[in-house]
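1. Sequence first, predicted coordinates after that:
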Amino acid sequence: MNGAGWSRFNIASITAGFAFLYLPIVLLIIYSFNASRLVTVWAGFSTQWYVELWHNQALLDAAWVTLRVGLVSASAATVLGTMAALALTRYTRFRGRLLFSGMVFAPLVMPEVITGLSLLLLFVAIGIDRGIMTVTLAHITFSMCFVAVVVQSRLLTFDRSLEEAAMDLGATPVKTFFAITLPVIAPAIVSGWMLAFTLSLDDLVIASFTSGPGATTLPMKIYSQVRLGVTPEINAICTILIAIVATGVLIASVVNKRREVQRRRDEQTAQRG
Amino acid sequence: MAVKSLNSIRRNFSPWNDPAAKPYIQFENVTKRFGDFTAVNNLSLTIYEREFYALLGASGCGKSTLLRMLAGFDEPTSGRILLDGQDLRGVPPHKRPVNMMFQSYALFPHMSVEKNIAFGLKQDGMASADIAKRVAEMLKLVKLEPFAERKPHQLSGGQRQRVALARSVAKRPKVLLLDEPLGALDKKLREETQFELMDLQQDLGLTFVVVTHDQEEAMTMADRIAILDKGEVMQVATPPEIYEAPASRFVADFVGSVNLFEATVTQRDERMAELQAGPDLRIQTSNPGEAQHSATVNYAVRPEKIRVSSRAPEDTSVNAAEGEVFDIAYLGDVTMYNVKLDDGRVVKATVINSQRLADDPLTWGDRAWISFKPDAGIVLTR
């Protein structure tokens, strides 16, 4: 194979692939600037739906709920998930470890409907009023395991002698954790947090089961509105969401790339020096 | 110059021969098991203050486990470890007055060189002005002043090694533990660093315990070497003793290269022994060891103490045998000959090339005589 050449087949497969992935999104973005109220009929360019969004209190409320749930649940899931990952990688011999790891990672493969339903039953059984708190709790439960996976994979390659060196130099185990372990695995923890936050943002199924009056999340709101017919407003809010996510991804990859380049340059100077 | 002054100090340093000397580190019947595997088996060692002590052995001999138990990362299964008279059992690593230099260096990747060195001092609650002073001192000591702000990944291997060293001595520990300190360096750098380590140990007056699998490293640096095998001590002695008077076949074979002849003791008096090693080789030795009459023993003689020549020695009846040159390795400074004796045994002999080009060099297939003096070798009963 000659890597430099672009055969017709290559071009065709790339075009088809990108079309599958992005054509729907592009259409959605285009129609968010449609002047017509009818989603499928183009009637000229307009930003009126974005302006109208600002006056749609129900949608803004839902966005605010989603944001709060996302922030709180992602943070709590990160703490719990990191602790689970630490327990799994550090204490490899405790009784019931296999069961514990199985239970931590089960939500990864558990159908969301089942997670949602069982959480609903639990909340009803112990008599918690459904609302923003129950959604948050549910999101912590299912996103925790994702954080645990991400952090655990980092911890597996973590050089334990770093911690030993810190303790050897007089740091207590607690101090060692905060001064050495945490900073070194911080990138993994941050990605875990972002993953948990994203999962919480776009969760519909579990939120539908566990939410109550006054705690409608954005995905729930959008879904219920779409059932009454797609409005250009929905397109507009989705476009905003896409923009936010895309910006986040872009920043993350640029920062990563820069760091990588810097590191390589440093290593070269170190070899020469 | 530094090396010379060091030797004069060294010559008088032998607390292990002084019955009044107080041991500094003591391993008393220490055993360490990991599950079914016994890493250290009922081992006892004594290390003195300011000693440069090497634990030498192949991988898996338990030497690193000993170091880790001293640092507090592992606790002995049984037995005890004393430091300056204090039992270390239950004392966590961060409360032990020992510091360790790790094989992987274990530099904190998110901290600059300066911060790495300062880390231990900060844990002690030292005033920041004093910390800055000590860090500057350490940077000077390891010649890394221009690199204070760099992160570990911006340094070369040799520089990282020096940061690790500076960090581990910054707290002025009573004992410095070094786990394969030169293992990751290339040969040239390793030789330089050996002397730097020795100077440092002298200057700071610390006790060094170094773990290594490299016998040259141990021989160069250590006051005494403990040879370990399968979690047990084979011999503890100074480098010349280890080399010239090994206690057993294992030690003789492990350190350097050796010719071992199985032999029967035919005569034995106070100073001499005579051995019969095969029908054609009669050995007379002035180092009879614990040889008993008519016992089967091993006679060990180092290759550089064997003479190889195309001419027969004056007395061929004792300490001499004839054979054929079978292999030659020219190494520049020395030439190694493998001589196959007429009874089939192969003898290794090393000849120093003190002349640039010898007049009458031996070559492959030549008939040759090997011979050695009565004090060349030693009788081993173990």
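-> Cool, got the structure.
2. Now the residue nearest to the spatial centre of chain A: closest residue in space, sequence neighbours ignored.
-> Nearest residue to the geometric centre of chain A (CA atoms, centre = their mean): residue A:198, 2.4 Å. Using CB to CB, 6 or more residues apart in numbering or on different chains and skipping the chain neighbours, the partner closest in space to residue A:198 is residue A:245 (7.5 Å). Every residue, glycine included, has its C-beta placed from N, CA and C.
3. What's the mean pLDDT across the helix or strand that neighbour falls within?
-> Per DSSP states H and E: residue A:245 is located in helix A:232-272. In this model, helix A:232-272 carries a mean pLDDT of 82.
4. all strands of the stretch 251-382 of chain B, in order?
-> Per DSSP state E, counting those that start in this stretch, the stretch 251-382 of chain B carries strands over the ranges B:259-268, B:273-276, B:282-285, B:296-301, B:307-309, B:320-330, B:334-341, B:346-352, B:367-371, B:377-380.
5. my guess is residue A:32 meets residue A:238, correct?
-> Yes - counting by CB atoms under 8 Å, residue A:238 is a contact partner of residue A:32 at 7.2 Å.
6. So for those two, which sits in the more crowded spot?
-> For residue A:32 versus residue A:238, neighbours defined as other CB atoms under 10 Å in any protein chain shown are more numerous around residue A:32 (23 against 17).
7. Please tell me how far that one sits from residue A:191.
-> 30 Å (CB to CB, to the nearest Å).
8. do the same with residue A:139
-> 17 Å.
9. Looking at the two, which is more packed in?
-> residue A:139 (28 against 16).
10. wait, isn't that one in contact with residue A:209?
-> No - using CB under 8 Å, residue A:139 is not in contact with residue A:209; the gap is 11.5 Å.
11. Show me which residues of the stretch 101-250 of chain A sit near chain B.
-> By CB under 8 Å from any CB of the partner chain, the residues of the stretch 101-250 of chain A that approach chain B are A:159, A:161-162, A:164-173, A:175, A:179-180, A:183-184.
12. One more pass at 10 Å, please.
-> Those residues of the stretch 101-250 of chain A that sit near chain B, judged by CB under 10 Å from any CB of the partner chain, are A:159-173, A:175-176, A:179-180, A:182-184, A:186.
13. Okay, buried residues for the helix or strand hosting residue B:195 please.
-> Using DSSP H and E, residue B:195 falls within helix B:187-204. Buried positions in helix B:187-204, judged by neighbour count with 16 or more other CB atoms under 10 Å in any protein chain shown: B:190, B:193-194, B:197-198, B:200-202.
14. Please name the residues that touch residue B:189.
-> B:156-158, B:161, B:182 (CB atoms under 10 Å, 6 or more residues apart in numbering or on different chains).
15. would you turn those into JSON lines with secondary structure and neighbour count?
-> Below are these laid out as JSON lines (DSSP: H, G, I helix; E, B strand; the rest coil; neighbours: other CB atoms under 10 Å in any protein chain shown):
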{"residue": "B:156", "secondary structure": "coil", "neighbour count": "16"}
{"residue": "B:157", "secondary structure": "helix", "neighbour count": "14"}
{"residue": "B:158", "secondary structure": "helix", "neighbour count": "16"}
{"residue": "B:161", "secondary structure": "helix", "neighbour count": "23"}
{"residue": "B:182", "secondary structure": "coil", "neighbour count": "23"}
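16. Keep only those residues that also lie close to chain A.
-> Applying CB under 10 Å from any CB to those, those adjacent to chain A are B:156-157.
17. Among the contacts of residue B:189, which pair sits farthest apart?
-> B:156 and B:182 (14.6 Å; CB to CB).
18. returning to that earlier point: which one of the buried residues of helix B:187-204 is nearest residue B:305?
-> Once CB to CB is applied, the member of the buried residues of helix B:187-204 that ends up nearest residue B:305 is residue B:194, at 25.6 Å.
19. That closest one and chain A, how far apart?
-> Look at residue B:194 and chain A: by CB to the nearest CB, to the nearest Å, they are 23 Å apart.
20. Which parts of chain B belong to which domain?
-> Chain B breaks down into these domains under automatic domain parsing: B:2-97+B:173-249, B:257-380.
21. same deal with chain A?
-> A:8-46, A:56-252.
22. among those domains, which is the most enclosed?
-> domain A:56-252 (a mean of 18; mean count of other CB atoms under 10 Å in any protein chain shown).
23. So what's the residue count around residue B:379?
-> 21.
24. same question, residue B:312
-> 13.
25. so it touches residue B:323, yeah?
-> No - using CB atoms under 10 Å as the test, residue B:312 is too far from residue B:323 to be in contact (12.0 Å).
26. Overlap of the contact sets of the two?
-> B:367-369.
27. roughly how far apart are the closest residue to residue B:154 other than its chain neighbours and residue B:18?
-> Excluding its sequence neighbours, the residue lying closest to residue B:154 (CB to CB, 6+ apart) is residue A:266, at 4.3 Å. From residue A:266 across to residue B:18, the span is 52 Å (CB to CB).
28. shouldn't the residue nearest to residue B:154 be in contact with residue B:109?
-> No - counting by CB under 10 Å, residue A:266 stays clear of residue B:109, with 11.9 Å between them.
29. Quick check: neighbours shared by those two?
-> Between them, residue A:266 and residue B:109 share the contacting residues B:151, B:153, judged by CB under 10 Å, 6+ apart.
30. helix/strand/coil for residue B:79?
-> Assigned with DSSP: H, G, I helix; E, B strand; the rest coil, residue B:79 falls in the strand class.
31. I figured the residue nearest to residue A:198 hits residue A:251, correct?
-> No - Residue A:245 is beyond contact range of residue A:251, at 11.0 Å (criterion: CB under 10 Å).
32. so what's the residue lying closest to residue A:211 once chain neighbours are set aside up against?
-> Excluding the flanking residues, the one nearest residue A:211 by CB to CB, 6+ apart is residue A:135, at 4.8 Å. When the contact criterion is CB under 10 Å, 6+ apart, the partners of residue A:135 are A:65-66, A:68-69, A:72-73, A:119, A:200, A:203, A:206-212, A:215-217, A:220.
33. How about residue A:155?
-> With CB under 10 Å, 6+ apart, residue A:155 has these contacts: A:82, A:85-86, A:88-90, A:181, A:184-185, A:188.
34. Among those, which pair sits farthest apart?
-> A:88 and A:184 (17.6 Å).
35. Buried by neighbour count: which residues of stretch B:97-109 qualify?
-> B:98-108.
36. Now do the end-to-end distance for it.
-> 25 Å (CA to CA, to the nearest Å).
37. Stretch B:355-372: end-to-end distance?
-> End-to-end distance of stretch B:355-372 (CA to CA): 21 Å.
38. For the chain, which residues score under the pLDDT cut-off?
-> All of this is about chain A. A:1-5, A:270-273 (pLDDT under 70).
39. Hmm, no, I was thinking of chain B.
-> Using pLDDT under 70, chain B drops low at B:1-11, B:358-360.
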